[in-house]
Each structure stands twice: as structure tokens, then as C-alpha cells.
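Colleague: dropping a prediction and its sequence here:
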Amino acid sequence: MTSPGTAPAGRVPGPTRSQIRRLSAVKRCGPVGRVDSMIPEQVLSIDQIDLSDLEFWERPWTEREGAFQLLRRDRPLAFFEEPDATLTSALAPPPGPGYRAVTRHADVAEISRHPEIYCSGQGAVSILDLPPEMVEYFAGMISTDNPRHARLRRIVSAAFNPRRIKSIEENIEEVADRVIERASGLGECDFVTEIAAPFPLEIICDMMGVPPSEYATVFRCSNVILSNGDPEYVPEGTDPVLAFINAGQELTDLMNELSAHRIDHPTDDLTTALISTNIDGEALTPGELASFFILLLTAGNETTRNSITHGLLALTEHPDQRALWKADPATIGATGVDEIVRWASPVIWMRRTVTGDTVLSGEELHEGDKVLLFYNSANRDEDAFEDPYTFDVTRAPNPHFGFGAAGPHFCLGAHLARRELDVMMRELFARLPDIESVGEPDRLLSNFINGIKHLECRFTPA
């Protein structure tokens, strides 16, 4: 990655649409000696690439991008052995038969369109074959297939009626205002812990009716669940699988207590709506409600906070793009939000399992084969994107898979996530106009979440 730059000071006149297109067509350069684009570095041969090895994910982002570029070109359905989690946890299952890494945009799209051939029910968020009860508990809807998936999605969708969505959208503005207000006098802070993390967390907690006294618990538990054993969240000497289970149990207990209270004391929150929604005589069970809560916190909280953080980092590193967005947030926000999500690719992969013998891009796949859809690689595919390693907030069209690919498992909360990103960026430009990242990001050690744990920022105190 290039080093952070400095955002231009002062008011930039709003460009016309034709000027925006012309500016985007020019090769973008920042301060002298730096080109504002990511150049993938191919330092590994194709046989040296091991996506199951955490050491690969410790490499600089440019080196990982170079590896995926090589895989897309020469081995788009590469086979990898599964990681051996028993080396760090006595509770982990042994490695399975291995998996195919799906790295091309077209192949990810094809798999996502055919859930009857590539199912989710055997686990979507774990390479290893976990016990069925664990799969259901921690992955909920995203690890189910029809007809159960359709049933769960119908019930949840019914609870998100137009009136409630409007209320949630109004609350996004309020939460953004109070989060930025709390940080505005600091002048410098950890952008993740002060702004990017509290923002989606408080939106989800407000939505579900979780009281502020439990925010810290929710934050801690969601960090552990998506930590991949990162030592900041799972201390050395702690069994990571046990920590994962305990964090899930804490959130389940919280949700069970809240939903039991809402039965006798209903309010206008989403928890009340979910426990009272009945579609054709079917409602969520307590276990399904708790599982959905965990899914909301992981999919709706962690991914949004990482997109926001990657957004500040990218806009600091690409001051020309920041100037465009800052000058015309209403116009640029419509495309800039999706470019941030493409650039960040906060969820790196999802798993599918082959239900019967089939052929994909000329390769034979067999029943039981595991395939990992590497969204980060698909979002840099040269066959799907022009200049994929250029951060372009005017990019359109932008067929990224940051919310998954088209199909039954496309992200249910994509609209709200886009809204959150748009509001946060607009409010940052308005309230802290010179905010910029400082130094290198502290990245999560994970092959599943492209997370940033800490990112220092500075700005003129409001």
C-alpha cells in the first residue's frame, strides 16, 4: 500500500458530471513520487501460494493481490488442503478433504445463481466441517438452503416493513451525529474504536432494543466471534473455539432475556417485531431469533465498520477521489459507497458444497466437494472491472460482490449498509472536513474478514 497522503484543504468547487468523468479518466497521481493506485506484486510462484496458511494473510495487501491475480490467470479453481485447527484447539474438528478456491468473477456468479448445485446448508462460514448444531447456531440463514432458507427470509423480511425501515434510516442519521459529536473535540483518535465500530454497533443495538449498558458486551463478543483467534481478542493460552462458543452463548443469553421481556412488554423495536411476526402460521423459534441476532452483529456490524475504516484509509491515500466526493457528496455518494465496498471486500469468502457431479469452467467437480467463493479476488477480476486496482469513486457500473453475488443469499441488509456508509461519509466531510488516517492500519489476522482493528486519525477539533 502507498503511504497516507494529506487531504486538500479548503472548499473545492463542485464539478459537473462531465468534469467528473474527465477527471476519472486521467491517471491519478497524488503527491510527487506516489501513484494513487494499488499495484499487485507477484512475489510468490503459483505453487508457493497457500490460502490455508495464516502466514499468507500476514503478507502485505499488494502481495496477496498479486497472488490472487496469478490464481485467476493460471489456476482459477486451485485446490488447497484444509487448515489444521486441532493445532490450536482441542475442540476443533480435524481437517477435511480440502477445497477449491474460486477466484474468477464469472465463476463466483455462476455458483451463486445455482444453490441447487452448490448448497450452503453444510456450512457457509467455515472451511472445516463443524457439527450441524454449531453451523446453525453461528451462521443462521446464510448456512441454510430452501425451503428453510426461504421461510426464514420471509419472516425476517416481513419484520422489516416500510415503516420500520424508514425509522431505522432516520436513526442512522441520529447515531452518526452522536458518534461524531463524542469524538469531534479530540483532534486525534483511533478511528475504529471511536467512530467506525460504535456507529453500526449502536444502530443494530438500537434497532433490536439492546440497552446501552450492554453495548460493551456486544462489542466484545462480536470481536471474539470474528477474530479467527487473533491474539488481541483471544488471549494466548485460551482455546479459540471455546472462546468462540462462550461469546456466542453470552449473546444468546442476552437475546433470550430481551425477547422474554418483550413478550410482556412489547415496544416498537425489531425484537418485538421478530417475535410477533407470523407468516402462514410460522414464526421464529427462540434459537432462530438468537442466531439471527448473532448474524446481524457479525454481518451487519463488523462488515460495515470495516468498510467505513477502509473508506477513510482509501480516501486519505487517494486525495483526488476525496476531493471529488467532498465537493459533491450527493452525486459521488451514489457510486462511491459501492466502490468502498468493492475496494474493502470486508468478507473475503463464503463456502458452498457441491450436491452432485458437475462441471465449472471446464473443471470436473464431484458431490461433497467444497468450493470457497473468494469475493476479494472476484472484485479485482480484470475481466469484470476496468482498472480494478484503481480506487475510483465514480466507477459505474460496479458489479462487485461485496454483499455477495446475485442469488438467494445476497445480503438482506445491503440497502441499510449502503445507507450507513453514505451517511457516515457525508457527516465526516461536514463535521470533520480535514479528517485523515495517520500511519499504517493494524489489520486483523484472518483469512475470512478483511478487518482493520485500529487506525489512527487526526482532524481539527470541532
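Modeller: The structure has been received and is ready for your questions. These numbers were taken from a predicted model, which means no experiment stands behind them. Numbering: from 1, shown residues only.
Colleague: got a pLDDT number for residue 24?
Modeller: On pLDDT, residue 24 comes in at 37.
Colleague: what bits of the protein have low per-residue confidence?
Modeller: By pLDDT under 70, the weakly predicted segments of the chain are 1-37, 137-139.
Colleague: try 50 this time
Modeller: The model of the chain has pLDDT under 50 over residues 1-36.
Colleague: in it, which spans are strands?
Modeller: Shown for the chain, the strands assigned by DSSP state E span residues 77-80, 99-102, 118-119, 188-190, 349-354, 358-360, 363-365, 370-374, 436-443, 452-458.
Colleague: of these, which is nearest residue 39?
Modeller: Closest approach to residue 39 among the strands of the chain (CB to CB): strand 436-443, 17.4 Å. Where you see a C-beta, it was placed from the backbone N, CA and C, and this is true even at glycine.
Colleague: just the CA atoms of the closest one, as PDB, please.
Modeller: C-alpha atoms of strand 436-443 as PDB (Å, rounded to 0.1, in the frame of the first residue of the first chain):
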ATOM      1  CA  GLU A 436      -7.400  11.700   7.600                       C
ATOM      2  CA  SER A 437      -5.800   8.500   8.600                       C
ATOM      3  CA  VAL A 438      -2.300   8.500  10.000                       C
ATOM      4  CA  GLY A 439       0.200   5.700   9.900                       C
ATOM      5  CA  GLU A 440      -0.300   2.100   9.000                       C
ATOM      6  CA  PRO A 441      -3.500   0.200   9.800                       C
ATOM      7  CA  ASP A 442      -3.400  -2.600  12.400                       C
ATOM      8  CA  ARG A 443      -5.000  -5.400  10.500                       C
END
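Colleague: name the helices or strands packed onto it?
Modeller: Packing partners of strand 436-443 (3 or more CB pairs under 8 Å, 6 or more residues apart in numbering; DSSP states H and E): helix 303-317, strand 452-458.
Colleague: now do the helices in the stretch 51-200 of the chain.
Modeller: All helices of the stretch 51-200 of the chain, identified by DSSP state H, counting those that start in this stretch, fall at 54-57, 61-74, 105-113, 132-139, 148-159, 162-183, 191, 198-208.
Colleague: tell me which of those sits most buried.
Modeller: helix 191 (a mean of 28; mean count of other CB atoms under 10 Å).
Colleague: from the contact counts, what lies against that helix?
Modeller: Counting by 3+ CB pairs under 8 Å, 6+ apart, helix 191 packs on strand 452-458.
Colleague: quick one on the thing from earlier: turn the helices and strands packed on strand 436-443 into a markdown table, columns for distance to residue 184.
Modeller: Listed next are the helices and strands packed on strand 436-443 as a markdown table, based on distance: least, CB to CB, whole Å:
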| stretch | distance to residue 184 |
| --- | --- |
| helix 303-317 | 15 |
| strand 452-458 | 12 |
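Colleague: before we move on, the earlier item: nearest to residue 406, of the helices of the stretch 51-200 of the chain?
Modeller: Of all these, helix 105-113 sits nearest to residue 406, with 6.2 Å by CB to CB.
Colleague: about what we covered before: deepest in the core, which of the helices and strands packed on strand 436-443 is it.
Modeller: helix 303-317 (a mean of 25).
Colleague: would you mind measuring from residue 255 to residue 297?
Modeller: Distance, residue 255 to residue 297, using CB to CB, to the nearest Å: 10 Å.
Colleague: before we move on, what about residue 204?
Modeller: Distance, residue 204 to residue 297, by CB to CB: 6 Å.
Colleague: likewise for residue 88?
Modeller: To residue 297, residue 88 is 24 Å away according to CB to CB.
Colleague: who has more neighbours out of the two?
Modeller: More crowded of residue 88 and residue 297, by other CB atoms under 10 Å: residue 297, with 24 against 14.
Colleague: wait, doesn't that one sit right on residue 251?
Modeller: Yes: using CB atoms under 8 Å, residue 297 is in contact with residue 251, at 6.8 Å.
Colleague: overlap of the contact sets of these two?
Modeller: Common contacts of residue 297 and residue 251 (CB atoms under 8 Å, 6 or more residues apart in numbering): 218, 221-222.
Colleague: which among these gets closest to residue 171?
Modeller: When the shared contacts of residue 297 and residue 251 are ranked by distance to residue 171 (CB to CB), residue 218 comes first, at 16.5 Å.
Colleague: so who does that closest one touch?
Modeller: 201, 205, 210, 251, 254, 297.
Colleague: residue 188 too?
Modeller: Each residue near residue 188 by CB under 8 Å, 6+ apart is listed here: 438, 456-459.
Colleague: at 6 Å what do you get?
Modeller: Neighbouring residues of residue 188 by CB atoms under 6 Å, 6 or more residues apart in numbering: residue 458.
Colleague: measure it to residue 306 for me?
Modeller: Separation of residue 188 from residue 306 (CB to CB) stands at 21 Å.
Colleague: please apply the same query to residue 178.
Modeller: In terms of CB to CB, residue 178 sits 21 Å off from residue 306.
Colleague: so residue 123 sits right up against residue 135, yeah?
Modeller: Yes: between residue 123 and residue 135 there is a contact at 4.8 Å, judged by CB atoms under 6 Å.
Colleague: tell me, what's touching the two both at once?
Modeller: Counting by CB under 6 Å, 6+ apart, the residues touching both residue 123 and residue 135 are residue 143.
Colleague: show me what stretch 238-256 is in contact with.
Modeller: 88-89, 91-92, 138, 221, 224-225, 229, 234, 290, 293-294.
Colleague: just to revisit the earlier point, specify which member of the contacts of residue 218 is nearest to residue 72.
Modeller: Among those, residue 297 lies closest to residue 72 (CB to CB), at 32.6 Å.
Colleague: please report the distance of that closest one from residue 291.
Modeller: As defined by CB to CB, residue 297 lies at a distance of 11 Å from residue 291.
Colleague: then residue 416?
Modeller: Between residue 416 and residue 291 the distance is 19 Å, computed by CB to CB.
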